[in-house]
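Asks: Curious how this folds, go ahead:
(one chain, ligands or ions: 1)
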Amino acid sequence: VITAFAPASVGNIGIGFDILGLALERPGDEVVARHGSEPGLRITAITGDEGKLPYDAASNTAGVAALALLLHLGALDHPIELEVHKKMPFGSGLGSSAASAAAAVVAVDALLEAGLSRAELLRFAAEGERVATGSLHPDNVAPSLLGGIVLVLEKDPVRIEQLPVPDNLWVAVVYPHVEVLTRHARAILRPDVPRESWVRQSARVAGFVSALYRGDLELLGYCLHDEIIEPQRAELIPGFWEVKNAALRAGALGCSISGSGPSVFALCGSRQTAEIVGTAMQGAFGVESERFVGKVNTRGAYLV
Ligand code: HSE
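Replies: Numbers count the residues shown, from 1 in each chain. Presented below is the predicted three-dimensional model:
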């Protein structure tokens, strides 16, 4: 029996819509894989989902990712049983579906002793994300699987660059108990971007990457300003602007929406600041919430 863990992640990192993402230390999902008795892949248990996720492997994020890998290995008939243990809410903007997909491919790869690298597993995990959200955007699945901070250069076929993670970088994430579905949060976006916004935002994305290479947290904070997506999605998150202001006043380098929301993340220069910022953000939310404070997870998905 194999158990794999894959961490939550912050898609977009504010300025890089669909192209940047980072892995968190926790929370994360677990997938258990074992040899079964009937041919083919079966999902035998799902926990932590309040009964919302499908057992049919072809419609389940973890199932689809595992099936894509099995197809590649020529092992679709191999009897395999999967258990999916959700340890984080979905519709939270924490990359929950991506974590299940990442854990599934790592577990199945290990069970069949296929020996594929995390980078090779990425395209199969990305297929799982496609079913969950209706579009292919590997900005959660890539960091969840590989760890660290990832730039997605091309989504199909997926090509990524892993970026350096400054030593003193801390992340505070607050998840308010409201549900925002990625599918909906994408549907409300305007299809076009004014040229001047595009120019300014491109400069900040480039500056952000440069800041990571230099470990320059001041530049990182300066560049963490999204003028394209954040203003359009803010209204989906009750209290977003108050939360953002509270984070910045408490000393965050920058603050924005985690993935498609409703979670909000802040980057900070020390553990102490991240704890203070997390508390301030939680206080500013008008609704019940949970917070996670930690470093960027550079390990990615792993066998438990
Ligand atoms: N990058 C995608 C979005 C998924 O913002 O819609 C984020 O989790």
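Asks: measure Gly95 to Phe265 for me?
Replies: Relative to Phe265, Gly95 is positioned 11 Å away (C-beta to C-beta, to the nearest Å). In short, each C-beta sits where N, CA and C put it, glycine included.
Asks: Quick check: neighbours shared by those two?
Replies: Residues touching both Gly95 and Phe265 (C-beta atoms under 8 Å, 6 or more residues apart in numbering) are Val10.
Asks: neighbour-wise, which of these two wins?
Replies: When Gly95 and Phe265 are compared for neighbours, Gly95 comes out ahead with 36 against 32, by other C-beta atoms under 10 Å.
Asks: Nearest residue to that one in space, please, no chain neighbours.
Replies: The shortest distance from Gly95 to any non-neighbouring residue, by C-beta to C-beta, 6 or more residues apart in numbering, is to Asn140 (3.3 Å).
Asks: now the spatially closest residue to Gly239 that is not a sequence neighbour: how far from the ligand?
Replies: Excluding the flanking residues, the one nearest Gly239 by C-beta to C-beta, 6+ apart is Gly286, at 4.6 Å. Distance of Gly286 to the ligand, given as C-beta to the nearest ligand atom, to the nearest Å: 23 Å.
Asks: Please apply the same query to Phe265.
Replies: 11 Å.
Asks: So that residue belongs to a helix, correct?
Replies: No: the assignment for Phe265, made by DSSP: H, G, I helix; E, B strand; the rest coil, is strand rather than a helix.
Asks: and it, bridged to which residues?
Replies: Val173, Ser256 (DSSP bridges).
Asks: for Asp77, what are its contacts?
Replies: Contacts of Asp77 (C-beta under 8 Å, 6+ apart): Pro39, Gly40.
Asks: does it belong to a helix or a strand, and which?
Replies: Per DSSP states H and E, Asp77 falls between elements, in no helix or strand.
Asks: Indicate the residue of the stretch 151-300 of the chain located nearest to the ligand.
Replies: Residue of the stretch 151-300 of the chain nearest the ligand, by C-beta to the nearest ligand atom: Gly259 (2.5 Å).
Asks: Determine the three-state secondary structure at that residue.
Replies: Gly259 - assigned by three-state DSSP - is coil.
Asks: Excluding chain neighbours, what is closest to it?
Replies: Gly11 (3.5 Å).
Asks: mind checking how far that neighbour is from Arg233?
Replies: Gly11 is 12 Å from Arg233, by C-beta to C-beta.
Asks: which residues touch the residue lying closest to Pro54 once chain neighbours are set aside?
Replies: Nearest in space to Pro54, with sequence neighbours left out and distances taken as C-beta to C-beta, 6+ apart, is Asn60 at 5.1 Å. Asn60 makes contacts with Ile43, Ile46, Leu53, Pro54, Val84, Val131, as judged by C-beta under 8 Å, 6+ apart.
Asks: did I read that right, the third one in a helix?
Replies: This points to Leu53. No: according to three-state DSSP, Leu53 belongs to no helix; its state is coil.
Asks: Now for it: which residues touch it?
Replies: Here Leu53 is in contact with Ile46, Asn60, Thr61, Val84, Lys86, Phe90 (C-beta under 8 Å, 6+ apart).
Asks: Show me these that map onto helices.
Replies: Cross-referencing those against helices under DSSP state H gives Thr61.
Asks: okay, the contacts of Leu53 in TSV with distance to the ligand and pLDDT next?
Replies: Shown next, in TSV, are the contacts of Leu53 (distance: C-beta to the nearest ligand atom, whole Å; pLDDT from 0 to 100):
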residue	distance to the ligand	pLDDT
Ile46	21	97
Asn60	18	94
Thr61	13	94
Val84	19	97
Lys86	16	95
Phe90	11	76
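Asks: What count of nearby residues applies to Asp56?
Replies: Neighbours of Asp56 (other C-beta under 10 Å): 11.
Asks: same deal with Val105?
Replies: 34.
Asks: thought it was touching Leu70?
Replies: No: contact between Val105 and Leu70 fails when scored by C-beta atoms under 8 Å: they sit 9.8 Å apart.
Asks: how much space between Ala33 and the ligand?
Replies: 25 Å.
Asks: next one: Pro54
Replies: 20 Å.
Asks: what about that residue, neighbour count?
Replies: Neighbours around Pro54, by other C-beta under 10 Å: 14.
Asks: Of the contacts of Leu53 - the most surrounded one?
Replies: Counting by other C-beta under 10 Å, top hit in the contacts of Leu53: Thr61 with 29 neighbours.
Asks: That one: what's it in contact with?
Replies: Leu53, Ser97, Ala98, Ser100, Ala101, Ala104, Gly128, Glu129, Val131, Ala132.
Asks: Among those residues, which are located in helices?
Replies: Short answer: these in helices (DSSP H) are Ser97, Ala98, Ser100, Ala101, Ala104, Gly128, Glu129, Val131, Ala132.
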